[in-house]
Structures are given as C-alpha cells and as structure tokens.
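Visitor: Build me a model:
(one chain, ligands or ions: 1)
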Amino acid sequence: MNLDLARVKQLVKARCGLLFEGNGEANLVQVLAERIRALEIVPAQYFARLHDSGPEFQELVNRLTINETYFFRESEQIRWLVERLVPRLLAARGGLGPVRILSAGCSSGEEPYSLVMALMDRYGESASRLFEFAGGDIDSVALAKARHARYTRFSFRGVPDEVRARYFDQDRWGHVLKAPVRNQVTFHELNLLASSFSPALRDFDVIFFRNVSIYFDAPTRKRVQQNLVSLMKDEGVLMIGAAETLANDLGVLPLVEEDGLFYFVKGKPPVPAVSLSPPPSSGGSVPMAAMSAPANSQPLPPSAPLRADVDTLRQLMRDKYYDQALPLLEAVLAIEPGNVEVLLLKAYVLINRKDFAGAELLVHGVLATHAWSIDALVLLGLAAKWQQQSEAAIRWFKQAAYARPECWPAHYYLADLYRNDGANELARRAYRVVIQLLAGNEPDTGIQYVPLGLPTGEIRFLCEHQLARLPAAKALAGQG
Ligand SMILES: C[S@@+](CC[C@H](N)C(=O)[O-])C[C@H]1O[C@@H](n2cnc3c(N)ncnc32)[C@H](O)[C@@H]1O
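Guide: Numbering: from 1, shown residues only. So this is what the prediction gives:
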C-alpha cells in the first residue's frame, strides 16, 4: 500500500490517543484498506483525506476503537460507589443538587446504565432526583447503540436472569433497557484529548474512566487525566479500572486506597459520613444482589447436570461473582469430590474470602496427586502473599516459575514481592522477564483453571511503570 502508515498512526495518536502495536497495527492496515476501497481513491490520497476531513476521521476512529464492555463489569468498584462513596457525597451535598456521575469512554452504555441500576436498586425512584448520569465516548456508532439501549446476551456475562428480566424487555432483536433506567443517562460525543469540552460535561462528582487508558501511552494518559480533572468538581473522585490504576498514578491526582480499592481524588480524600448504613431500598435489590448477596444463590440439587454447572461456574469465576460461585462449587463437589478444577476454583474463592487455611487444605490435597500443578503452586503463593508471608510466597511462586518458566503471573508476583522487600535488582529482573514474556504471542502460563484476571496489556504497562520507578541499579550491587 502506497500510504505512509507512520503518518496515519501519528495523526490518530495525536488527535485521540490511540496506539497501534502488534495486532493493533495489523487491524489498522486492514481498516485503512477498507476505507480506501470504500472511498474509491488510491492509497497515496488517503492521508490528505484523513487529515482534512472531520467525517472521514470519525469514520476511521469508529472502526479502530475497541468497544468491549458488559454490564456490572468490575462490580466491586460499583458496589463501593453505592455503599461507600455515594452516602458520603449525599451527606456532604445536604440535598443541594444531584450527585453527577460521568462514564468517560462509555462505549455502548453498559457502564453508565449499570451505575443507574445499582443506584436505583438502592435509592428507588429517588435516584432520578438524587443523581445525574452522563456517558461520553469518541465512537459515534457506540454512542448510537448506547442511546438505543438494545443489548445481546454478550452484554450480560454473569448477570443473573432475574436482573435482566427486571430491567429489560425482550423483543425479537435483543434485550431493551426499560425507559426509567434509559432516560437517566445523557450521552455525548467526547474526545478525551480535546482542548475544550461541552458545558454539559462539567462539574462531575465522580468519573468512571475504566478500560480506556490501556490504549494510550503514558504522556497521553497524563494529558487525559488532566482533562478529566478539569471536568470534576473540587474533591471529585476518579475511578480507573483496577489493573490500570497504578499505570495511571502519574502525579496528576493523589491516589487513595480504601477497602482494598484504589481511586484518585481531586481535593482531599472524602471523609466517611457518620452513618454508612444503607438508606431505605426500593426493595428487590436485584443488581446489588447480582454483585454481592450469596443469599440469592441456591445450591443446585445433587442431580443437576454437571456440564452446565461447570460452565456456569467458569463464567461466574471469570466475572468474580465468588459468592454466587461458592454454592455451585459445593454442589459439584458433592457429586464429584475429586474434581481438580472445582477444588482449585473453590480454593481461589476461599482465598478471596480470606479463608486461607481452608484454601491451603484444598490445594495441598490437589498437590498430593498433581505435584506440579501450576494452578496449585500459584494459589499457595497467593495465599501466602495475602497473608504477608513474603518468604513462603516467594518460595511457591519460584516453584511455579521453575516448573513453567513461561508462567508470567508467577514472575509478576515475584517482582512485586521483591519490590516490597526492597530487593530491587531481583524485582527489576522479574519485571523484565514478564515484559519479555508478554512481548510476543501470549505464552502458555500453565495455569489451567484459575482465572487470575490479570490482563496482559495492563500488566505490561504496570511492569514498565514499576521498572521506571525502581531506584536506578547501583553498579556492582551484588543482589541475588
Ligand atoms: C473498552 S471500552 C471501555 C468501556 C467501559 N468503560 C468499560 O469499562 O467497560 C473503551 C472505550 O474508550 C473509547 N475511547 C477511546 N479513545 C477515546 C478518546 N480519546 N476519547 C473518548 N473515548 C475514547 C472507545 O471508543 C471505547 O468505546
């Protein structure tokens, strides 16, 4: 193709931040070929067209963005918003004006609508008075879908059927969000790298900016964050996807840790309200139940079909619905007590519930017959790490890395442990191993069952970020 690809990449990055590396570049080339064909021009003419025509730039961007999203994604952050942050904001507001919430990079709307459902579930009809929701995205096609609010089953990964039934009507083409939820969100075209913003996109108390920064390099992430700050009220809160947070700790806003979650604040961290007890609910509590309440999950009877159980389990585990997964795990184990996958998944749930002794018992049982199970070794490493037993954790992760050198999660945890112990040279080496392992095609980690939820793109960013922050290596410092 007689087209200067580097110039196109530069233009797209400068205007909207998107980077194209690895598979991303192959996708860019394919999309460019499609556009050139559709415009019936020769490749050499395309750059000028892209540069000079706003509509063509929009067409291209719409095809290049990655819109992957689903309802109640990273639900622990949504739960924290509903249970912790919002009561404080409402208390601070004292009834003066609504709490304003923005989903920046909202894609087809699942994120802002999830926030509405979670808050409606807690505040009932008052939600429309207490809150204002906006969604913004650079992709005009995704925004049209968001306004349309019709979804297929892929948007409901792990969302229980009763939640869907409560908030959606089904028609021939999919699940249509009911008007009381839909009407609460306004959608706006938004380029996070723009030099000015619509007045409708100002004065937010909370901004959700999740799974967007992973497509940007560090200088772009910093500029975007500065722009987001300009859209926030004083003392506004910025919530970034869990795995991206550290890579966004760029000195723009202070990072706060609370209840194991991280967020950024514009002013001083919000002070907990006197009472955090939940206000009267509208009843039903479906979305919050989807996120947290094991009470709604019925153990399957022992005769339930096993395949379906395990498929459901895998989905629940991937989506981190551990409370819902536990009764199912137990139901499957009642039929098949030696099922290694289910034993390991149960151990992972127990670790997440801080029942380390229970988890270790299960994992040692598995190791007795599968001495080199990478899942088991990594789980024991995690259990030790979360109990602050750094020496034991290092031993288990080293065993996993020894048994499977491509197991980058083991190297990644080792790097973190070394860094916390001040063993900077060892940390540096381990981070480099991870970066190297993730540079090519994703290696087979040997982890068969446990969904650690470590997204490779973000982990590479994190490792690079940590490497850059580690104090410079001293010449001949003989560590390790
Ligand atoms: C993977 S989706 C994330 C959706 C949702 N926030 C979530 O976490 O599920 C990323 C979205 O960011 C949007 N995006 C990328 N660059 C952007 C920019 N410069 N300004 C605004 N939105 C952008 C994309 O169009 C895409 O819809």
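Visitor: Enumerate the residues of the protein near the ligand.
Guide: Within the chain, the positions near the ligand by Cβ under 6 Å from any ligand atom are 16-18, 65-69, 73, 105-107, 111, 137-139, 142, 190-193, 210-212, 215. C-beta here means a position set from N, CA and C on the backbone, and glycine is covered the same way.
Visitor: So which of these are in strands?
Guide: D137 (DSSP state E).
Visitor: Next, the nearest residue to A218 once chain neighbours are set aside: phi, psi?
Guide: Sequence neighbours aside, L250 is the residue nearest to A218 in space, at 6.7 Å (criterion: Cβ to Cβ, 6 or more residues apart in numbering). L250 adopts backbone torsions of phi -110, psi 20, taken as degrees, to the nearest 10.
Visitor: Helices of the stretch 201-350 of the chain, start to end?
Guide: Here the stretch 201-350 of the chain has its helices, by DSSP state H, counting those that start in this stretch, at 218-230, 286-291, 306-318, 322-335, 340-352.
Visitor: mind putting these in a markdown table, mean pLDDT, mean neighbour count and distance to H370 included?
Guide: As requested, the helices of the stretch 201-350 of the chain are exported to a markdown table (pLDDT from 0 to 100; neighbours: other Cβ atoms under 10 Å; distance: least, Cβ to Cβ, whole Å):
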| stretch | mean pLDDT | mean neighbour count | distance to H370 |
| --- | --- | --- | --- |
| helix 218-230 | 96 | 17 | 41 |
| helix 286-291 | 48 | 24 | 33 |
| helix 306-318 | 73 | 16 | 18 |
| helix 322-335 | 80 | 20 | 16 |
| helix 340-352 | 93 | 23 | 6 |
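Visitor: Tell me how far the helix or strand hosting Y123 lies from the chain's centre.
Guide: Using DSSP states H and E, Y123 sits in helix 110-123. Counting by Cα atoms, centre = their mean, to the nearest Å, helix 110-123 is centred 17 Å from the centre of its parent chain.
Visitor: Tell me which residues are up against the next helix or strand after it.
Guide: Using DSSP H and E, the helix or strand that directly follows helix 110-123 along the chain is helix 127-130. By Cβ atoms under 8 Å, 6 or more residues apart in numbering, the residues outside helix 127-130 that reach it are L90, P98, V99, V116, L119, M120, Y123, P180, N183, Q184.
Visitor: buried subset of these?
Guide: Buried members of the contacts of helix 127-130, counted by 16 or more other Cβ atoms under 10 Å: L90, P98, V99, V116, L119, M120, Y123, Q184.
Visitor: Pretty sure the fifth one sits against L85.
Guide: No. Between L119 and L85 there is no contact under Cβ atoms under 8 Å: 10.9 Å.
Visitor: Then H188 would be within a strand, right?
Guide: Yes. Counting by DSSP: H, G, I helix; E, B strand; the rest coil, one finds H188 located in a strand.
Visitor: Dig out what the closest residue to it other than its chain neighbours forms beta bridges with.
Guide: In space, H188 comes closest to G136 once its chain neighbours are excluded; the distance is 4.7 Å by Cβ to Cβ, 6+ apart. When assigned by DSSP bridges, G136 has beta-bridge partners A104, H188.
Visitor: tell me the helices in the stretch 351-480 of the chain, going along the chain?
Guide: Remark: helices assigned in the stretch 351-480 of the chain by DSSP H, counting those that start in this stretch are 356-369, 374-386, 390-403, 408-420, 424-437, 456-469.
Visitor: Report the contact partners of E442.
Guide: T456.
Visitor: I'd like the distance between it and the ligand.
Guide: 18 Å (Cβ to the nearest ligand atom, to the nearest Å).
Visitor: coming back round to it: wait, isn't the residue nearest to A218 in contact with K222?
Guide: Yes. L250 is within contact range of K222, at 4.7 Å (criterion: Cβ under 8 Å).
Visitor: G135 and F187 touch, don't they?
Guide: Yes. Contact criterion Cβ under 8 Å: G135 and F187 qualify, at 4.8 Å.
Visitor: Those two: which is more packed in?
Guide: Counted by other Cβ atoms under 10 Å, G135 and F187 do not tie: G135 has more neighbours, with 28 against 22.
Visitor: For that one, which non-adjacent residue is spatially closest?
Guide: C106 (3.3 Å).
Visitor: since we're on that neighbour, how many residues are nearby?
Guide: Applying other Cβ under 10 Å, we find 31 residues neighbouring C106.
Visitor: That one and L115 touch, don't they?
Guide: No. Between C106 and L115 there is no contact under Cβ under 8 Å: 9.9 Å.
Visitor: show me where pLDDT drops low in the chain?
Guide: Scanning the chain with the threshold set as pLDDT under 70 gives 1, 269-309, 473-480.
Visitor: Show me the longest helix that occurs in it.
Guide: helix 23-39 (DSSP state H).
Visitor: Who are the packing partners of it?
Guide: Using 3 or more Cβ pairs under 8 Å, 6 or more residues apart in numbering; DSSP states H and E, the elements in contact with helix 23-39 are helix 5-16, helix 43-52, helix 54-64.
Visitor: Could you measure from E235 over to Y418?
Guide: From E235 over to Y418 the distance is 36 Å, taken as Cβ to Cβ, to the nearest Å.
Visitor: no no, L102
Guide: 38 Å.
Visitor: do the same with E391
Guide: Going from E391 to Y418 by Cβ to Cβ gives 12 Å.
Visitor: More neighbours: the two, which one.
Guide: Per other Cβ under 10 Å, whichever of E391 and Y418 has more neighbours is Y418, with 23 against 9.
Visitor: which residues do G135 and F187 both contact?
Guide: By Cβ under 8 Å, 6+ apart, the residues touching both G135 and F187 are C106, G109, L143, A146.
Visitor: Please tell me I have it right and the second one contacts G135.
Guide: The reference is to G109. Yes. Contact criterion Cβ under 8 Å: G109 and G135 qualify, at 5.9 Å.
Visitor: quick one: common contacting residues for these two?
Guide: A146, V185, F187.
Visitor: Now do the contacts for E34.
Guide: E34 makes contacts with R63, as judged by Cβ under 8 Å, 6+ apart.
Visitor: Please report the distance of it from L470.
Guide: From E34 over to L470 the distance is 43 Å, taken as Cβ to Cβ.
Visitor: The most centrally placed residue in the chain and Q77, how far apart?
Guide: Of all residues in the chain, the one closest to the mean position by Cα atoms, centre = their mean is G241, 4.3 Å from it. Plainly put, G241 is 8 Å away from Q77 if you go by Cβ to Cβ.
Visitor: what do those two both touch?
Guide: R210.
Visitor: check contacts around K9.
Guide: Taking Cβ under 8 Å, 6+ apart as the test, what K9 contacts is L19, F20, E25, L28.
Visitor: ok, the first one touching I214?
Guide: Yep, that's L19 we're talking about. No. Using Cβ under 8 Å as the test, L19 is too far from I214 to be in contact (9.6 Å).
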